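Undergrad: just the structure for this:
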Amino acid sequence: MPFSVVEGASDTPAVTDALEALAQALRAMPSPVGAAVEQLHQADVEHALNSTPMQWRRHILGALRIPIAGTRVSPALCRDVLTRMRRDPSSVKSRHAAGHLTQPILNDLLLAADSAEPLTRRWSPGLLRLTGWAHLQVSAEDGALWLWALDQTWMTDGLPAKSIAAVREAARRVAELALVPKTVSYVVRRASRL
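TA: Numbers count the residues shown, from 1 in each chain. This next block holds a predicted model:
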């Protein structure tokens, strides 16, 4: 189930309750991954596929049942990927493809709150939105990242303000209670879990 609390995410009842509240607020959202898929452009898919190692690219295409013979990313291939993801943007298959498609962006997103350079210099708002909604988890470690990401217009564009406010408030509570310092080792551990 999307947006469930990560197993073993907390050892204190207060943080566990805050994580459950965040998960509940996220599940009340009208399919944010599906909405992010709908807002993607062909150029976004092309940039992501070109940034993806070949073995991951094959996995993405296989998940969408797109046969691939060569290694070249063409406009026709990008249109096909986008069309298949948009057929049922809220499906498990589309969410799976979105997770792999945005894998190259994840490390930048995990380190973004500590960076002076905006992520939009390298990645489009559509790819950043899809990355956030596809990868951020309901965990003490991601609480502060949720809070930061929800303050970015690329993350919340097109979603109901009332739902975003509820998620932001729940994320704020998690971030306050967890106070988990984000280190490079956390980013490496987090990226390796995916």
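
Undergrad: look at the residue of the chain most remote from its centre and tell me its secondary structure.
TA: Distance from the C-alpha centroid of the chain peaks at Ala69, with 28.6 Å (CA atoms, centre = their mean). Per DSSP: H, G, I helix; E, B strand; the rest coil, the local secondary structure of Ala69 is coil.

Undergrad: do Ser163 as well
TA: Once three-state DSSP is applied, Ser163 turns out helix.

Undergrad: and it, how far from Ala35?
TA: For Ser163, the distance to Ala35 equals 11 Å [CB to CB, to the nearest Å]. To be clear about C-beta, it is placed using only N, CA and C from the backbone, and glycine gets the same treatment.

Undergrad: who has more neighbours out of these two?
TA: The neighbour comparison of Ser163 against Ala35 (other CB atoms under 10 Å) goes to Ala35, with 19 against 16.

Undergrad: in this structure that one contacts Thr156, no?
TA: No: Ala35 is beyond contact range of Thr156, at 10.3 Å (criterion: CB atoms under 8 Å).

Undergrad: helices of the protein, start to end?
TA: In the chain, helices defined by DSSP state H lie at 13-27, 32-38, 42-50, 54-63, 75-87, 92-101, 103-111, 125-135, 140-149, 153-156, 161-178, 184-192, listed in chain order.

Undergrad: so which of those helices is the most packed in?
TA: helix 125-135 (a mean of 25; mean count of other CB atoms under 10 Å).

Undergrad: what angle do that one and helix 13-27 make?
TA: Interaxial angle of helix 125-135 relative to helix 13-27 (axes from the mean of the first three to the mean of the last three CA atoms, to 10 degrees): 130 degrees.

Undergrad: residues contacting helix 125-135, please?
TA: 32-33, 35-37, 39-41, 44, 47-48, 95, 98-99, 101-102, 105-106, 109, 119-120, 123, 149, 152-155, 157, 194 (CB atoms under 8 Å, 6 or more residues apart in numbering).

Undergrad: and the residue farthest from the centre of the chain, what pLDDT?
TA: At Ala69, the pLDDT value in this model is 70.

Undergrad: just Val180 next, same as before
TA: Taking Val180 on its own, its pLDDT is 56.

Undergrad: please apply the same query to Val188.
TA: On the pLDDT scale, Val188 gets 46.

Undergrad: now swap in Pro125 and tell me
TA: 95.

Undergrad: let me know how buried Gln152 is, in neighbour terms.
TA: Neighbour count for Gln152, taken as other CB under 10 Å: 19.

Undergrad: and Ser163, what is it in contact with?
TA: Contacts for Ser163 (CB under 8 Å, 6+ apart) come out as 25, 28-30.

Undergrad: how close does it sit to Leu26?
TA: Using CB to CB, we find Ser163 at a distance of 9 Å from Leu26.
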